[in-house]
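K.L.:
got a predicted structure here, sequence first:
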Protein chains: 2
Amino acid sequence: MDVEKSIAALNNPMRRKILEWLKDRSNFPPALPEHADLDGVCVAYIQEKAQLSQSTISNYMGLLKQAGFVSAERHGQWTFYRRNETNIRAFLSAVQDELLKS
Amino acid sequence: MDVEKSIAALNNPMRRKILEWLKDRSNFPPALPEHADLDGVCVAYIQEKAQLSQSTISNYMGLLKQAGFVSAERHGQWTFYRRNETNIRAFLSAVQDELLKS
DNA sequence: CATATATATCGAGATATCTCGATATAATGC
DNA sequence: GCATTATATCGAGATATCTCGATATATATG
């Protein structure tokens, strides 16, 4: 739990937006039939919704992953990103402690 | 509650450290007798503990104030900064909502 | 193996943040 | 008014972040 890196990752409106979008798979186009069993979203879908360049989104997802907010799983040519709820809660808990605990 | 501005203010280790120090007045030198009734800390004390320049600390406190994390009160030539617990909790609540609420 | 597709990485210009010293402002005391 | 003290603001160089297009890598398919 690197609070430093996590806050830096959140210090960008689009990255926070992406984390919100990932709460609900239906924010993105339906998965291909062969990916029906996977609960992540591929980079191209995120890029389409964010309207930023492919490299920027790939970079963003890398930062969110390093911060622990998302997990990535490769399947063939696709990388599926999904929220890591455990780590998100751990971050919130850590920030809460840092800001409130005496 | 400007989450954007708040996260930016927290995106710096020393500013977070200062917020932690302000939890406990005894992290700083004792107040002057004439300030005994005030529960804030003056800039000079914060600067001494942080070991950064006066202008940097003044800037930091300004950012923390704009984010709502601290309140400032002028008394003569001194400005006393103290945590704004209400706003800190409001921020935590907002981030929690943004990250978790569906 | 050649081509196509999806993603990651690289390099760079634009912009923002950091942090300082210098200076300005405000209040105090003589 | 003048000197001192506390804080705020200004201007700037150093560093970091943003975001892109170009390129590299990995996989799938013919």
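P.N.:
Done, it's in.
K.L.:
show me where chain A has its helices.
P.N.:
A:3-10, A:13-21, A:43-50, A:54-66, A:85-100 (DSSP state H).
K.L.:
quick check: the most centrally placed residue in chain A vs A:Val43, distance?
P.N.:
Nearest residue to the geometric centre of chain A (CA atoms, centre = their mean): A:Val70, 4.1 Å. Distance, A:Val70 to A:Val43, using CB to CB, to the nearest Å: 11 Å. Every C-beta, even on glycine, is put in place using the N, C-alpha and C of the backbone.
K.L.:
before we move on, what about A:Glu34?
P.N.:
Using CB to CB, A:Glu34 is found at 17 Å from A:Val43.
K.L.:
more crowded one of those two?
P.N.:
With neighbours defined as other CB atoms under 10 Å in any protein chain shown, A:Glu34 and A:Val43 compare such that A:Val43 has more, 17 against 10.
K.L.:
next, the closest residue to chain B within chain A: phi, psi?
P.N.:
The nearest approach of chain A to chain B comes at A:Asn11, 4.6 Å away (CB to the nearest CB). When read as degrees, to the nearest 10, the backbone of A:Asn11 gives phi -80, psi 50.
K.L.:
per-residue pLDDT of the residue nearest to it when sequence neighbours are not counted, please?
P.N.:
Spatial nearest neighbour of A:Asn11, chain neighbours left out: B:Asn11 (4.6 Å); criterion: CB to CB, 6 or more residues apart in numbering or on different chains. pLDDT, B:Asn11: 98.
K.L.:
give the contact list for B:Asn11.
P.N.:
By CB atoms under 8 Å, 6 or more residues apart in numbering or on different chains, the contact set of B:Asn11 is A:7-8, A:11.
K.L.:
would you mind measuring from it to A:Leu38?
P.N.:
With the distance defined as CB to CB, B:Asn11 ends up 33 Å from A:Leu38.
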